[in-house]
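Asker: The sequence and its predicted three-dimensional model are supplied below.
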Amino acid sequence: MKLEKTGYATRVSPEKARTSKESWFIPHHLVTHNGKNRVVFNCSFTYKDQNLNELLLSGPNLGASLLGVLLRFREHSTAVSSFSELVKATARHLHGAAADEEETPTAEKFKEAELSILRSAQRDSFPEEVQCLAAGKPVPSSSCLITLAPEYDVSLRLIRVGGRLRRCQELEPDVIHPVVLDPRHVVTKLLIRQVDSDLKHPGAERLFAELRRKFWILRGREAIRREQRSCPECQRWRAQPVNPKMADLPPARLRLYRPPFSQRD
Ligand SMILES: [Zn+2]
């Protein structure tokens with residue numbers, strides 16, 4: 001038999017099977033599929049409330065829970081899995097591209113879509129500040145952006161960090177004046193996840209530095225750590241191996257006052 005030849009099984013004599021206390025019978029039948037015959041073992045067959053599948057050690061469940069996925073779809077009005085999907089969908093929406101669904105949007109359209117997403121995120125999170133800055137007035141003193149000396153980018157209609165680096169010649173304008181984002185906004189969360197996945201799940205500081213080149217996320221480190229804690233890939237990379245519990249010592253190693261080789265017989 002093939003199982004015997006490959007070494008997966010060994011033949012047991014009928015007497016041994018009858019006398020052994022650790023024997024178990026598995027029902028099996030022949031299945032023909034695509035012209036090949038295979039023996040299929042029914043390991044979930046239950047006898048006296050026990051079956052073989054239940055006694056085997058099963059690994060951790062790494063699949064997403066169906067209930068969790070369905071509930072997440074109800075959290076917001078539109079279901080988008082990543083920031084790049086959101087940019088793509090926005091680019092198509094902005095250009096009414098329902099007719100040319102097949103055509104990939106150009107880099108220009110992607111940039112425009114990204115800016116429009118950032119604009120709407122800022123309008124959701126800081127409506128009062130956007131209104132004040134667009135009208136050329138300073139932000140209210142109670143605003144959470146007051147310490148950043150925010151500025152309004154008239155051409156892109158975005159709030160940027162004012163900061164104190166205006167005289168720096170070497171850095172790009174985007175780095176000197178990054179776009180301000182709210183950590184609780186869903187766009188910020190998607191953006192963090194996107195950069196995390198693009199950089200292959202690096203440490204929190206590396207991810208923070210990369211995002212800082214373009215964006216200023218309020219309480220950014222905290223937001224990044226929170227997102228990485230819920231990222232399955234990050235969890236997998238940072239998981240610590242579990243040390244197995246050691247078994248009890250054998251009696252030979254517990255003979256007190258009788259060291260090895262002290263007894264000759
Ligand atoms: Zn990650």
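Answerer: Structure received. For clarity, every value in this text was computed on a predicted model and none was experimentally measured.
Asker: So which residues of the stretch 51-200 of the chain form strands?
Answerer: Remark: strands assigned in the stretch 51-200 of the chain by DSSP state E, counting those that start in this stretch are 151-153, 158-160, 179-181.
Asker: Identify whichever of these lies nearest to the ion.
Answerer: Closest approach to the ion among the strands of the stretch 51-200 of the chain (C-beta to the ion): strand 179-181, 18.6 Å. For glycine as for every other residue, the C-beta is placed from the backbone atoms N, C-alpha and C.
Asker: what about that closest one, average pLDDT?
Answerer: In this model, strand 179-181 has a mean pLDDT of 94.
Asker: Just the residues contacting that strand, thanks.
Answerer: 118, 121-122, 125-126, 145, 148, 150, 158-161, 187-188, 191, 214-218 (C-beta atoms under 8 Å, 6 or more residues apart in numbering).
Asker: Mind doing that once more with 7 Å?
Answerer: With contacts defined as C-beta atoms under 7 Å, 6 or more residues apart in numbering, strand 179-181 is touched by 118, 121-122, 145, 148, 150, 158-161, 188, 214-217.
Asker: where does the chain dip in pLDDT?
Answerer: 1, 59-61, 76, 97-102, 263-265 (pLDDT under 70).
Asker: Could you show which parts of it are in contact with the ion?
Answerer: Proximity of the chain to the ion, by C-beta under 5 Å from the ion, involves residues 196, 201, 231, 233, 234.
Asker: what's the farthest-apart pair in those?
Answerer: Spanning the widest gap among the residues of the chain next to the ion are 196 and 233, at 8.1 Å by C-beta to C-beta.
Asker: What number of residues are in the vicinity of residue 128?
Answerer: Using other C-beta atoms under 10 Å, residue 128 is surrounded by 12 other residues.
Asker: can you tell me which residues contact it?
Answerer: Counting by C-beta under 7 Å, 6+ apart, residue 128 touches residue 140.
Asker: For residue 158, see how far away it is.
Answerer: 16 Å (C-beta to C-beta, to the nearest Å).
Asker: and what of residue 18?
Answerer: For residue 18, the distance to residue 158 - C-beta to C-beta - is 81 Å.
Asker: Residue 216 too?
Answerer: Taken as C-beta to C-beta, the span from residue 216 to residue 158 is 11 Å.
Asker: Closest to the geometric centre of the protein, which residue is that? Let me know.
Answerer: Note on the chain: the residue nearest the mean C-alpha position is residue 231, at 2.8 Å, using C-alpha atoms, centre = their mean.
Asker: Can you give me every residue that contacts that residue?
Answerer: Each residue near residue 231 by C-beta under 7 Å, 6+ apart is listed here: 193, 196, 201.
Asker: Correct me if wrong: the second one contacts residue 210.
Answerer: Right, residue 196. No: Residue 196 lies out of contact with residue 210 (C-beta atoms under 7 Å); the separation is 9.3 Å.
Asker: out of the two, which sits in the busier spot?
Answerer: residue 196 (22 against 15).
Asker: quick one, what contacts that one?
Answerer: Residue 196 is in contact with 207, 227, 228, 231, counting by C-beta under 7 Å, 6+ apart.
Asker: With residue 132 instead?
Answerer: By C-beta under 7 Å, 6+ apart, the residues touching residue 132 are 138, 139, 140.
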